[in-house]
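Colleague: Sequence and predicted structure, then a few things I'm wondering about:
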Amino acid sequence: MDRIIVLLCGCIIAASGFAAPNTLTLEKALELARLNSPQLRAARLQTQAAEKAVAASGRWKNPKLEFEAEGIGGDLDGFSDTEYTIGLKQTFERGGKRKHERAVAQESIGMAFHAEAEQELALLADVRVAFIEVMAQQEIGKVREEQKELGQAFVKVAKRRHKAGAASEMDVVQAELQMEEIILSQTCCFGDLEAARHRLASLVGIPEKELGELVADYYTLEAIKPAALAETHPLLKQMDARIATTRAQAQRAKAKDAADITLGAGYRYESAGDMSTFVLGASMPLNFVRSGRAEEAATLVRADALAAQREEIRRKLQQELSVISALYKGAKMEAELTRNNLIPKAVQAYELSQAGYEAGRYSWIELIASQQHLAEIRVREIEALKDAHLARAELYRFMKEGI
């Protein structure tokens, strides 16, 4: 009960036009989500890891230190011909292997960066959806609260008229029944409001009690012009980076066929003649089997497959964008028609039924029905606005600043 009273007070404050000291705007909610999201933090760390991987790629191979001793302790024929050799070997990669290794690491940064951008777009869209859910429940709560106040007034009027003999006992029962229905719908509204607030609090990363009262211009809908999907969408850019990375991997695979050269230099000591000499050496593998070519061909085929996949993703995104834009227009039109046509008529019908009831021309049931009908139409406008705002929030999955 205490929880319901707190939420009710919040709705009353918002309805009176004064903002509570502790309020939450959409911009503040989005900022909190950026700061507190573990998923977004993980994506940022993945980008940082990819950046650091570039510094570790394409480096020279470490040289090898070799030592060799022969004839230690004397040969089998009894002579001491011990030889000691110590040398240093360095492998020099050919075919641009180091360059291609750095290219692969560099393209991987793009994959991580655009994946982070995609995560941010999805997170902010989810926050917008949750924010709208709370706002819609707040607005419905205001309507139910006004209903409750009218219902209480109806009950008082019915009892007073019944006591004066101008109304029947049925009028009193109908008024009390209407009051119970309003309280029941109000209770359900507060349950939905609390659940929506918990979802929003989880997304922005703060306790639900710290959300405060949500403040936004709920009843204003902006016009949206049809637009094609931008090629800079993070998911498309991520696919571009994957394709570029795969092609860089193909070049790296091709470079494997280039034989590396290993050069060595050292010092040799022969105890039999007490001689010291400087030795040089070189080695190169004989690449009779060129597996790099085959690996390059397979990797390029994978790159072509990714390009085809990118086109399919772009097609689906464009389709989704068109559908959501159409849903937004439909919900916006429904909200405007409800506000401009239905609500004025419902208000007029309620005022006429109220005046007719006072004049004795209409029954109590007709008065209650007209009042309930007005409330339901107002709720219908709120729900149509909610559908439009939700569609608008989904559009934010396509670009940071919307269309």
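Modeller: Happy to help now that I have it. Keep in mind that what you see is a predicted model, and the values were worked out from it rather than measured.

Colleague: So Y267: helix, strand or coil?
Modeller: Classification of Y267 by DSSP: H, G, I helix; E, B strand; the rest coil places it in strand.

Colleague: Pretty sure it sits against F278.
Modeller: Yes - shown here, Y267 and F278 form a contact pair, counting by CB atoms under 8 Å, at 6.3 Å. Every C-beta, even on glycine, is put in place using the N, C-alpha and C of the backbone.

Colleague: Please say which of these two ends up with more neighbours.
Modeller: Y267 (13 against 9; other CB atoms under 10 Å).

Colleague: so what's the more buried one bridging to?
Modeller: Note on Y267: beta-bridge partners I86, F278, judged by DSSP bridges.

Colleague: packing partners for whichever strand or helix holds E376?
Modeller: Using DSSP states H and E, E376 sits in helix 364-395. Using 3 or more CB pairs under 8 Å, 6 or more residues apart in numbering; DSSP states H and E, the elements in contact with helix 364-395 are helix 97-163, helix 169-204, helix 291-337, helix 343-359.

Colleague: Please report how far the nearest residue to S363 once chain neighbours are set aside lies from L342.
Modeller: Spatial nearest neighbour of S363, chain neighbours left out: Y357 (7.3 Å); criterion: CB to CB, 6 or more residues apart in numbering. According to CB to CB, to the nearest Å, Y357 and L342 sit 22 Å apart.

Colleague: Between those two, which has more neighbouring residues?
Modeller: Y357 (22 against 17).

Colleague: re earlier: and of the helices and strands packed on helix 364-395, who's closest to T85?
Modeller: helix 97-163 (29.5 Å; CB to CB).

Colleague: Tell me the gap between the closest one and the middle of its chain.
Modeller: Remark: helix 97-163 is offset 12 Å from the chain centroid, using CA atoms, centre = their mean, to the nearest Å.

Colleague: ok, the closest residue to A393 other than its chain neighbours - contacts?
Modeller: Nearest in space to A393, with sequence neighbours left out and distances taken as CB to CB, 6+ apart, is R128 at 3.6 Å. Residues in contact with R128, defined by CB atoms under 8 Å, 6 or more residues apart in numbering, are L26, L30, H389, R392, A393, Y396.

Colleague: Look up phi and psi at the last one.
Modeller: In this entry, Y396 is assigned phi and psi values of phi -70, psi -10 (degrees, to the nearest 10).

Colleague: mind checking pLDDT for it?
Modeller: Listed pLDDT for Y396 reads 80.

Colleague: Make 615 the first number, not 1, from now on.
Modeller: In the new numbering, first residue 615, that becomes Y1010.

Colleague: My read is that it contacts E734, right?
Modeller: No - in this structure Y1010 lies outside contact range of E734 using CB under 8 Å: 10.5 Å.

Colleague: So, low pLDDT: which residues of the stretch 765-914 of the chain?
Modeller: Applying pLDDT under 70 to the stretch 765-914 of the chain picks out residues 780-781, 796-803, 840-841.

Colleague: and with 90 instead?
Modeller: Counting by pLDDT under 90, the stretch 765-914 of the chain contains low-confidence ranges at 765-809, 822-827, 830-831, 834-848, 870-873, 883-890, 899-907.

Colleague: before we move on, the earlier item: look up how far A647 lies from the residue nearest to A1007.
Modeller: Relative to A647, and taking CB to CB, R742 is found at 10 Å.

Colleague: who touches E641 in this structure?
Modeller: With CB under 8 Å, 6+ apart, E641 has no contacts at all.

Colleague: which SS state does it fall under?
Modeller: Relying on three-state DSSP, one would call E641 helix.

Colleague: just the one 4 residues further on next, same as before
Modeller: Under three-state DSSP, E645 falls in the helix class.

Colleague: what's around it, how many residues?
Modeller: Counted with other CB under 10 Å, E645 comes out at 13.

Colleague: And it, how far from E760?
Modeller: Taking CB to CB, one finds E645 at 33 Å from E760.

Colleague: Please apply the same query to S939.
Modeller: Counting by CB to CB - S939 and E760 are separated by 34 Å.

Colleague: who has more neighbours, those two?
Modeller: Taking neighbours as other CB under 10 Å, S939 and E760 compare with S939 leading, 20 against 17.

Colleague: Look at the more buried one and report its pLDDT.
Modeller: 88.

Colleague: Surely it is in contact with R1006?
Modeller: No - here S939 does not reach R1006: they are 9.7 Å apart, not a contact under CB under 8 Å.

Colleague: overlap in contacts of those two?
Modeller: Joint contacts of S939 and R1006 (CB under 8 Å, 6+ apart) are I838.
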